[in-house]
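*Asks:* structure for the following, please:
(one chain, ligands or ions: 1)
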Amino acid sequence: MKFAVLVFPGSNCDIDCYKAVEETIGQPVDYVWHTATDLSAYDAILVPGGFSYGDYLRCGAIAQFAAVMNEVKKAADQGKFILGICNGFQILTEARLLPGALIRNNGLKFRCHQTQLEVVNNGTAFTNQYSQGEMINIPIAHGEGNYFCDEATLAELKANNQIVFRYAGDTNPNGSVENIAGISNKAGNVVGMMPHPERAVNQLLGSEDGKRMFTSILNAWREQHGAAVNG
Ligand SMILES: NC(=O)CC[C@H](N)C(=O)O
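*Replies:* Got it, this is the predicted structure:
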């Protein structure tokens with residue numbers, strides 16, 4: 001299985017994503033610059049966090065037009081696994097690969113701290129190593145993490161089981177509708193989330209609850225290719 005970690009001008013979590021793949025599941029992983037025009041060699045694509053293009057206009061608003069995003073859309077249509085983390089989630093919504101939008105945190109402040117998440121859907125390629133309803137600790141670091149969508153979109157997300165993570169209990173740090181912290185597309189192969197699992201892969205970081213996102217992706221890929229493993 002081969003991973004691509006996209007790098008835009010202003011990305012700053014690409015190295016963490018690269019290391020998380022390398023150290024958690026030991027799979028081949030490449031940095032792929034935003035000008036790339038071929039992602040066919042990759043089975044999974046990580047769109048990392050950061051401040052792509054300086055967050056000008058809106059977070060992710062300019063990155064959506066990068067050449068590599070055409071290839072990300074092709075990969076999404078081919079059913080490849082795509083995970084957008086924080087700025088990556090914002091880029092995926094701006095590129096219309098995920099519904100809704102990430103707007104300014106309700107307190108208008110940058111929030112950077114540990115959060116507790118509920119695993120709402122453990123049936124995705126990114127969460128199959130968690131149990132349904134499990135509470136996990138994954139940190140956030142964002143200024144525009146407030147997930148918003150209209151009533152019709154929210155109804156669709158619920159009907160299609162596309163809500164993957166919620167901020168647990170009454171801990172919503174940014175005002176996201178219904179405490180949404182991460183969602184998938186209808187097919188389930190594209191997930192976006194504001195919390196950073198790549199920053200929770202070692203107890204030294206305060207949590208290793210993020211590791212199982214990476215082992216989940218590997219397990220899903222191996223199931224697809226006929227060699228399921230136990231995480
Ligand atoms: N850590 C990140 O990816 C931050 C995303 C974006 N720059 C924001 O502040 O909301």
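
*Asks:* what residues does the chain put near the ligand?
*Replies:* Counting by Cβ under 6 Å from any ligand atom, the chain comes close to the ligand at 49, 50, 51, 55, 59, 86, 87, 141, 142, 143, 144, 145. Bear in mind the C-beta positions are built from the backbone N, C-alpha and C, glycine included.

*Asks:* what residues sit buried inside the longest helix seen in the chain?
*Replies:* Identified as the longest helix of the chain according to DSSP state H is helix 211-224. By 16 or more other Cβ atoms under 10 Å, the buried positions in helix 211-224 come out as 211, 212, 213, 214, 215, 216, 217, 218, 219, 220, 221.

*Asks:* other residues contacting it?
*Replies:* 1, 20-21, 24-25, 27, 43-44, 81, 83, 124-130, 197, 200-201, 228-229, 231 (Cβ atoms under 8 Å, 6 or more residues apart in numbering).

*Asks:* out of those residues, which are buried?
*Replies:* For these, buried by 16+ other Cβ under 10 Å: 1, 20-21, 24-25, 27, 43-44, 81, 83, 124-130, 197, 200-201.

*Asks:* pLDDT (mean, whole number) over the host helix or strand of residue 139?
*Replies:* Assigned by DSSP states H and E, residue 139 falls within strand 135-142. For strand 135-142, mean pLDDT rounds to 98.

*Asks:* do the same with stretch 158-171
*Replies:* 97.

*Asks:* could I have that stretch exported to CSV, CA atoms only?
*Replies:* Extracted in CSV, the C-alpha atoms of stretch 158-171 (Å, rounded to 0.1, in the frame of the first residue of the first chain):
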residue,chain,number,x,y,z
LYS,A,158,-27.4,11.5,9.1
ALA,A,159,-29.4,9.4,6.6
ASN,A,160,-26.2,8.1,4.9
ASN,A,161,-24.2,7.6,8.2
GLN,A,162,-21.7,10.2,7.0
ILE,A,163,-21.0,11.7,10.4
VAL,A,164,-17.8,10.0,11.5
PHE,A,165,-16.7,11.9,14.6
ARG,A,166,-18.4,14.2,17.0
TYR,A,167,-16.9,16.3,19.8
ALA,A,168,-17.9,14.4,22.9
GLY,A,169,-20.6,15.6,25.3
ASP,A,170,-20.7,19.3,25.8
THR,A,171,-17.1,19.9,24.7
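
*Asks:* what sits up against it?
*Replies:* Stretch 158-171 has contacts (Cβ under 8 Å, 6+ apart) with 115-121, 123-124, 126-127, 135, 156-157, 173, 176, 178-186, 188, 191, 193, 195.

*Asks:* what residues of that stretch count as buried?
*Replies:* For stretch 158-171, the neighbour count (16+ other Cβ under 10 Å) marks 162, 163, 164, 165, 166, 167, 168 as buried.

*Asks:* quick check: bridge partners of the second one?
*Replies:* Under the criterion DSSP bridges, residue 163 forms beta bridges with residue 183.

*Asks:* quick one: it and residue 179, what's the gap?
*Replies:* Using Cβ to Cβ, to the nearest Å, residue 163 is found at 9 Å from residue 179.

*Asks:* equivalent analysis for the fifth one, please.
*Replies:* Residue 166 sits at a distance of 4 Å from residue 179 (criterion: Cβ to Cβ).
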